[in-house]
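[1] Need a 3D model of the following:
(chains A and B)
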Amino acid sequence: AQTVTQSQPEMSVQEAETVTLSCTYDTSENNYYLFWYKQPPSRQMILVIRQEAYKQQNATENRFSVNFQKAAKSFSLKISDSQLGDTAMYFCAFTTNTGNQFYFGTGTSLTVIP
Amino acid sequence: DTAVSQTPKYLVTQMGNDKSIKCEQNLGHDTMYWYKQDSKKFLKIMFSYNNKELIINETVPNRFSPKSPDKAHLNLHINSLELGDSAVYFCASSQDRAGGLNTQYFGPGTRLTVL
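    Coordinates of the predicted model:
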């Protein structure tokens, strides 16, 4: 079974600080792809960052980076220099080459405090 | 230009009514999806179509019926609405079936409230 677990329902961080959101997953597949999506209060789901499991190098997009630990099946998101606009729900997701769908975690609600 | 659009954005209706939510994507993608997000923000896949063919049909009541007139459109029709149908419904699309770096692009969501 394919599952995604986000163990932190809520988190907060001071503006300009760094925060890490955790995500673990379970799959028996060897080739898969991992994603972090952001859902601000506007409700729009926005792709933040993505990672191919066969790549050892961690993906980075500006202030967003991941710590991908394949053996531990962990895919955490680090947000540096947090900004008020980062306040949102963050969803971890993955998909496999053989599957037909994306699997989402239950989300982490992040609040950036001014 | 909006990549994935949904109409309406808000829908308030009485129990027992029939309603439809429309979704269109102008990305040229082959695959479209419907998700339901409940009050706890949990995202649950409902349906997926690839080139107008149904490829995922999760366990949802048969009151929910997707219709794909062409690969750019995937509409969701709901019969005999119930209180538990209240949720936000998201349409999404991806270039191909889920797999690989086929990123999903989401619509803005439709907040359905059943009174």
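[2] Surely A:G85 forms part of a helix?
    Yes - with DSSP: H, G, I helix; E, B strand; the rest coil as the criterion, A:G85 is located in a helix.
[3] That one: neighbouring residues, count only.
    Neighbouring residues of A:G85 were enumerated by other C-beta atoms under 10 Å in any protein chain shown; the total is 9. The C-beta positions use only the backbone N, C-alpha and C, and glycine is treated the same way.
[4] Distance check, B:N26 against B:G107.
    Distance, B:N26 to B:G107, using C-beta to C-beta, to the nearest Å: 11 Å.
[5] Identify the residues contacting the residue of chain A found nearest chain B.
    When scored by C-beta to the nearest C-beta, chain A has A:M45 as its residue closest to chain B, at 3.7 Å. By C-beta atoms under 8 Å, 6 or more residues apart in numbering or on different chains, the contact set of A:M45 is A:37-39, A:91, B:90, B:92, B:106, B:109.
[6] Leaving out chain neighbours, which residue sits closest to it?
    Once flanking residues are discounted, A:M45 sits nearest to B:F106: 3.7 Å by C-beta to C-beta, 6 or more residues apart in numbering or on different chains.
[7] What residues are bridge-paired with the one you found?
    B:A92 (DSSP bridges).
[8] re the thing from before, I'd like the contacts of A:M45 as JSON lines, with secondary structure and neighbour count appended.
    Below are those laid out as JSON lines (DSSP: H, G, I helix; E, B strand; the rest coil; neighbours: other C-beta atoms under 10 Å in any protein chain shown):
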{"residue": "A:Y37", "secondary structure": "strand", "neighbour count": "25"}
{"residue": "A:K38", "secondary structure": "strand", "neighbour count": "21"}
{"residue": "A:Q39", "secondary structure": "strand", "neighbour count": "22"}
{"residue": "A:F91", "secondary structure": "strand", "neighbour count": "26"}
{"residue": "B:F90", "secondary structure": "strand", "neighbour count": "26"}
{"residue": "B:A92", "secondary structure": "strand", "neighbour count": "25"}
{"residue": "B:F106", "secondary structure": "strand", "neighbour count": "22"}
{"residue": "B:G109", "secondary structure": "coil", "neighbour count": "22"}
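[9] Perfect, that will be all.
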